[in-house]
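Undergrad: Take this sequence and fold it.
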Amino acid sequence: MLLDAAREAAAEAVGCRPDELIFTSSGTRAVHTGIAGALAGRRRVGRHLIVSAVEHSSALHSAELHESAGGTVTQIAVDRTGLVEPSAYAAALRADTALACLQSANHEVGTEQPVAEVAEACRAAGVPLLVDAAQSLGWGPVEGDWSLLAASAHKWGGPSGVGLLVVRKGVRFAPQGPVDERESGRAPGFENIPAIVAAAASLRAVRAEAAEEAPRLRELTERIRVRVPQAVPDVEVVGDPVRRLPGVVTFSCLYVDGEALLHELDREGFSVSSGSSCTSSTLTPSHVLRAMGVLSEGNVRVSLPPGAAEEDVERFLTVLPGAVAAVREKLGAPVASEVAREEDVLVVDSLGKRCPIPVIELAKVIGDVPVGGLVRVLSDDEAARLDIPAWCEMRGQEYVGEEPADKGTAYLIRRVS
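TA: From the prediction side, this is the model:
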């Protein structure tokens, strides 16, 4: 009875039938199960999968597995705000397309995607659309004629270890793995009843407050978006300024190491994030920021939970400039920066140095070359591939491109002004 009641409550919040919704052990498991089941159910149609370049790693890892097993994958690019074009999805649809995936809102920069328009294009082509609604479901139902939906309870303030998967009636779906009698045979193992009940109750509770809380959090995040660039020099605020979640704001600081900045802010009592929210333990540049083509160094992601106090936001805005300045001072200019000239090109050797050091060294020498001259930065840090072009975009310089080097990669920059 508890499980049925929780299912009905969750289905009401999602906007689906109770018998279309199952509970899983996590949001990641819901995405994996949804993609695998939909692809298997439509294997007679074909093995083509469509995903956006900024999906959660759970969807991208599923796409990699599908491709390694002989399937084909089309990855849809995004603009500098992280937004996809519905026409790009429509153009990618093929006769052998089995499934398309699109998040409702991005987990790192907060950009909300045009799910309804993409769903319409998919429906016209007879292709199901799976929506990862983990980040947005707490704020409201996902609009559009989607076919499958996945979400995670901890994203709306519920307990960890509970996800949900919705498969609309009429969608061909073949559960993978051994058959289990629970959750319509789609999620093996005994249900965690207390956690599921808590997840459904918390979803209902946050939804009841969402209409009132969303405008307040939007004002606070807009305050951060506007005032951070005013208070801190060399900052890029990323994500769509209008189509975005209420409580997420992300910005990147030039010449700053993200982890070092997090430690500075932590000492002041603020818990924020940096880098990719789904692969932060790997210390690799965010795939979301890479796809957007924006600065990744010194990245800070602020998530304001429901109930976040205005005075805390004000104190954060007061503390941030000093924290950024402290990190920049600690990094300083490298003592043994090797600068040489190859004919008419100024060469900066940043091999063995982690970002933001290569960008700092580039910024220090760009003024030493004449307008129209070239700087060649040598770096073996993967983040430089994203951060150097982003620096050029921010500074109005021309990024010529990259070329192989004896060690690492050479990045060519032409001074414009």
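Undergrad: Double-check that Cys151 belongs to a strand.
TA: One correction, residue 151 is Ala, not Cys. Yes. Judged by DSSP: H, G, I helix; E, B strand; the rest coil, Ala151 forms part of a strand.
Undergrad: so what's it bridging to?
TA: Beta-bridge pairing of Ala151 under DSSP bridges involves Leu164.
Undergrad: wait, isn't Leu99 in contact with Ile50?
TA: Yes. With contact defined as Cβ atoms under 8 Å, Leu99 reaches Ile50; the gap is 7.3 Å. Every residue, glycine included, has its C-beta placed from N, CA and C.
Undergrad: Compare these two (neighbour count), which wins?
TA: Each of Leu99 and Ile50 has its neighbours counted (other Cβ atoms under 10 Å); Leu99 has more, 32 against 26.
Undergrad: next structured bit after whichever strand or helix holds that one?
TA: Here Leu99 sits within strand 97-103, counting by DSSP states H and E. Where DSSP H and E defines the elements, the next helix or strand beyond strand 97-103 is helix 115-125.
Undergrad: Model confidence for the most centrally placed residue in the chain, exactly?
TA: Closest residue to the average C-alpha location of the chain: Glu108 at 3.9 Å, with Cα atoms, centre = their mean. Looking at Glu108, its pLDDT is 93.
Undergrad: How about the backbone phi and psi for it?
TA: Dihedral pair for Glu108: phi -110, psi -40, per degrees, to the nearest 10.
Undergrad: residues near the closest residue in space to it that isn't next to it in sequence, how many?
TA: Spatial nearest neighbour of Glu108, excluding adjacent residues (Cβ to Cβ, 6 or more residues apart in numbering): Val288 at 4.5 Å. Neighbours of Val288 under the rule other Cβ under 10 Å: 31.
Undergrad: same check, this time on the one 5 residues further on
TA: Summarising burial for Gly293: neighbours were counted as other Cβ under 10 Å, giving 15.
Undergrad: helix or strand right after the lowest-mean-pLDDT helix or strand in the chain?
TA: Every helix and strand of the chain was ranked by mean pLDDT, DSSP states H and E. The lowest is strand 338-342, at a mean of 48. Downstream of strand 338-342, the first helix or strand assigned by DSSP H and E is strand 345-349.
Undergrad: so how far is that next one from its chain's centroid?
TA: 34 Å (Cα atoms, centre = their mean, to the nearest Å).
Undergrad: How are the helices of the chain distributed by residue range?
TA: 2-14, 27-41, 57-68, 86-92, 115-125, 193-231, 258-267, 287-292, 310-331, 357-365, 384-395 (DSSP state H).
Undergrad: Give me the angle between the last one and helix 357-365.
TA: The reference is to helix 384-395. Counting by axes from the mean of the first three to the mean of the last three Cα atoms, to 10 degrees, helix 384-395 lies at 40 degrees to helix 357-365.
Undergrad: just the longest one next, same as before
TA: Here helix 193-231 runs at 10 degrees with respect to helix 357-365, directions being taken by the same axes, to 10 degrees.
Undergrad: Give me the angle between helix 193-231 and helix 2-14.
TA: With the same axes, to 10 degrees applied, the angle from helix 193-231 to helix 2-14 works out at 30 degrees.
Undergrad: Let me know the average pLDDT across helix 193-231.
TA: 95.
Undergrad: buried residues in that helix?
TA: Using 16 or more other Cβ atoms under 10 Å as the test for burial, helix 193-231 gives 195-200, 202-203, 206-207, 210, 213-214, 216-217, 220-221, 224-225, 228.
Undergrad: Need the mean per-residue confidence for stretch 175-185.
TA: Stretch 175-185 comes out at a mean pLDDT of 81.
Undergrad: domains in this structure, as residue ranges please.
TA: As given by automatic domain parsing, the domain ranges for the chain are 2-205, 214-331, 338-414.
Undergrad: Contacts only, for the residue nearest to Glu108.
TA: By Cβ atoms under 8 Å, 6 or more residues apart in numbering, the contact list for Val288 reads 54, 82, 106-109, 276.
Undergrad: and the two most separated of these?
TA: Spatial extent of the contacts of Val288 (Cβ to Cβ) is set by the pair Gly82 and Ser276 at 13.0 Å.
Undergrad: Settle it for me: which of the two has more neighbours?
TA: Neighbour comparison, Gly82 and Ser276: the larger count goes to Gly82, with 29 against 24 (by other Cβ under 10 Å).
Undergrad: Ignoring the adjacent residues along the chain, who's closest to that one?
TA: Thr111 (3.8 Å).
Undergrad: So the one you found sits against Val248, correct?
TA: No. Using Cβ under 8 Å, Thr111 is not in contact with Val248; the gap is 9.0 Å.
Undergrad: Are there residues contacting both of those two? Which ones?
TA: Counting by Cβ under 8 Å, 6+ apart, the residues touching both Thr111 and Val248 are Gly239.
Undergrad: Neighbour count: these two, which is higher?
TA: Thr111 (28 against 22).
Undergrad: So, low pLDDT: which residues of the stretch 201-350 of the chain?
TA: 275-284, 333-344 (pLDDT under 70).
Undergrad: List the contacts of Arg354.
TA: Arg354 makes contact with 257, 381, 383, according to Cβ under 8 Å, 6+ apart.
Undergrad: Mind doing that once more with 10 Å?
TA: Residues in contact with Arg354, defined by Cβ atoms under 10 Å, 6 or more residues apart in numbering, are 257, 283, 297, 379-384.
Undergrad: So what does it have for phi and psi?
TA: Reported as degrees, to the nearest 10, the phi and psi values for Arg354 are phi -80, psi 150.
Undergrad: Was I right to think Asp380 contacts Ile357?
TA: No. Here Asp380 does not reach Ile357: they are 11.7 Å apart, not a contact under Cβ atoms under 10 Å.
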